[in-house]
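1. Please work out how this folds:
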Amino acid sequence: MSGRRRIDRRTFLRDTALLGGAVAAGLPGAAASPAPPATSPTNAGAGMARRTLGRTGLRVPEVGLGGYPIDDPDVILYALDRGINYLDTASCYRGGASETTIGKALKGRRDAFIVTTKWCPHHIGKPAKKQFFLEQLDASLIRLQTDHVDLLLNHEVGKNSDGSGLPRLQNPEMFEAWEIAHRAGKARFLGASGHDPDLMDIMRYAVESGRFDAVLCRYSFLDYPGQDALIARAAEKGVGFIAMKTLAGAKGADLDRFRDRHVTFKQAALKWVLSNRKVSNLIISINSRQQVDEYAAAAGAPLTLADRAILEEYAREFSTQVCRFEGACMEACPENVRITDILRFSMYYHEYKQENRALESYARLVASERAAHCLHCSGFCERACAYDLPIRTLMLRADAALRPRDRG
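-> Numbers count the residues shown, from 1 in each chain. The predicted structure follows:
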């Protein structure tokens, strides 16, 4: 990537601190808009603040339930009582188990929830043809025990994830499938998600095309200006922006020095995301009542000096350990190792404690794409990284945890 600026540790920490101050003050150029919010909080559940999801008109809670790990429908009902009625899942999450659990919670209560799922034929080894999009959606609706979803996302759009990237959002077969599903009342709105290095190009296309109602995109206090510009443009175009990967790698999120404050690191990170009034809402993985209580408390709450202090402390500790998924490292790798994907899988394993998800994802890579090549490499990737990550060390750690073991 030409014209990249290497960001040393001192510059990063200075910029993080200045941004935190600007957000709180509502200064021009900050992540937060100085204008009044376009939507006002409403009394729902335990006073959950709500915003409008772009031109869809859907009133969504500021904090939504990321459904990958969910395995207890009672947790979903507990979240509903506290105003969290936005559910995000996918047909491929844990082989459909996430949708099955959510379906149990939806039964008899469908009108109380806003439901998002995702279609992704590439996850099940099928071509991106109309037939397989529609078959996958129908299977999702059966598991969800409903006749429709509110938002249907093209899942993990990106050259690494689906072998196509941007052309997948231009695929006429996908749009034919969408028109059939939409006319049948099986899906109300269409969107896209992803987290590959080509994410910004893909999301910009989705926003500018006029054909997508919402995007699901990473956004955290460690991400850099591409996300802010995208969010602002999405707001201009009436495209809802749903934030994910909001914990900036979740490094140290459970360490005592963050947990024992009167606000948690996670709450501070979520409040930072929500301080941008152009963000429609965020999703975060939830699988316990404790998580519901912790995350719901961030909704409608201001970003305080104490919050910024926690985020700056986190940045000092972990800024050179968190991958931003920009991909310069992959361009520099002589072996074509899937560096950013592997670091994401490692994050699932070590920080999110989603071990099976990480192991299955790593196993899907062909051997030539895995991190074993890094053992004898001289580190071209590290010289290309603008954030000074010790990539080789991180990759070897990932390979040690994730490489397929001989089961014989």
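2. and the spatially most central residue of the chain, what are its phi and psi?
-> Nearest to the geometric centre of the chain sits residue 244, at 2.6 Å (C-alpha atoms, centre = their mean). When quoted as degrees, to the nearest 10, the phi and psi of residue 244 stand at phi -130, psi 180.
3. What's opposite it in the beta bridge?
-> residue 218 (DSSP bridges).
4. Numbering from 46 from now on, please.
-> Yes, from this point I'll number from 46; that puts the last item at residue 289.
5. could you pull out the helices for the stretch 46-195 of the chain?
-> 54-70, 118-126, 142-151, 175-189 (DSSP state H, counting those that start in this stretch).
6. Using PDB, write out every CA atom in the shortest one.
-> Meaning helix 118-126. Presented in PDB, the C-alpha positions along helix 118-126 are these (Å, rounded to 0.1, in the frame of the first residue of the first chain):
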ATOM      1  CA  PRO A 118     -32.200 -19.100  24.900                       C
ATOM      2  CA  ASP A 119     -32.900 -17.800  28.400                       C
ATOM      3  CA  VAL A 120     -29.900 -15.400  28.100                       C
ATOM      4  CA  ILE A 121     -31.600 -14.000  25.000                       C
ATOM      5  CA  LEU A 122     -34.800 -13.400  27.000                       C
ATOM      6  CA  TYR A 123     -32.800 -11.900  29.800                       C
ATOM      7  CA  ALA A 124     -31.300  -9.500  27.300                       C
ATOM      8  CA  LEU A 125     -34.700  -8.700  25.900                       C
ATOM      9  CA  ASP A 126     -35.900  -7.600  29.400                       C
END
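7. What mean pLDDT does it get?
-> Averaging pLDDT along helix 118-126 gives 98.
8. which other helices and strands contact that helix?
-> helix 142-151, helix 334-341 (3 or more C-beta pairs under 8 Å, 6 or more residues apart in numbering; DSSP states H and E). Where you see a C-beta, it was placed from the backbone N, CA and C, and this is true even at glycine.
9. ok and that helix relative to helix 334-341, angle-wise?
-> Inter-element angle recorded for helix 118-126 and helix 334-341: 30 degrees (by axes from the mean of the first three to the mean of the last three C-alpha atoms, to 10 degrees).
10. With the third one instead?
-> Counting by the same axes, to 10 degrees, helix 142-151 lies at 80 degrees to helix 334-341.
11. CA atoms only for the helix or strand where residue 446 lies - export them in CSV, please.
-> In the assignment (DSSP states H and E), residue 446 maps to helix 436-447. Output of helix 436-447 as CSV, limited to C-alpha atoms (Å, rounded to 0.1, in the frame of the first residue of the first chain):
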residue,chain,number,x,y,z
ILE,A,436,4.1,-10.4,13.6
ARG,A,437,6.5,-13.3,13.4
THR,A,438,6.2,-14.0,17.2
LEU,A,439,2.4,-13.6,17.0
MET,A,440,2.2,-16.0,14.1
LEU,A,441,4.2,-18.7,15.7
ARG,A,442,2.1,-18.4,18.8
ALA,A,443,-1.0,-18.8,16.6
ASP,A,444,0.4,-21.8,14.8
ALA,A,445,1.3,-23.5,18.0
ALA,A,446,-2.2,-23.2,19.3
LEU,A,447,-4.2,-23.7,16.1
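12. and that helix, which residues are buried?
-> Across helix 436-447, burial judged by 16 or more other C-beta atoms under 10 Å covers 436, 437, 439, 440, 441, 442, 443, 444, 447.
13. Show the contacting residues for the first one.
-> Going back to what we said before, that points to residue 436. Residue 436 makes contact with 374, 384, 388, 419, 424, 426, 427, 430, according to C-beta atoms under 8 Å, 6 or more residues apart in numbering.
14. Before we go further, the third one is sitting in a helix, right?
-> Yes - under DSSP: H, G, I helix; E, B strand; the rest coil, residue 388 sits within a helix.
15. Tell me who's in contact with it.
-> Going by C-beta under 8 Å, 6+ apart, residue 388 touches 368, 370, 436, 439, 440, 443.
16. Around residue 254, how many other residues sit close by?
-> For residue 254, the neighbour count with other C-beta atoms under 10 Å is 13.
17. The closest residue in space to it that isn't next to it in sequence and residue 239, how far apart?
-> Of all residues not flanking residue 254 in the chain, residue 214 sits nearest, at 7.4 Å (C-beta to C-beta, 6 or more residues apart in numbering). Going from residue 214 to residue 239 by C-beta to C-beta, to the nearest Å gives 9 Å.
18. Looking at the two, which is more packed in?
-> residue 239 (29 against 20).
19. how far away is that one from residue 448?
-> Distance from residue 239 to residue 448, by C-beta to C-beta: 25 Å.
20. Residue 103 now?
-> Taken as C-beta to C-beta, the span from residue 103 to residue 448 is 42 Å.
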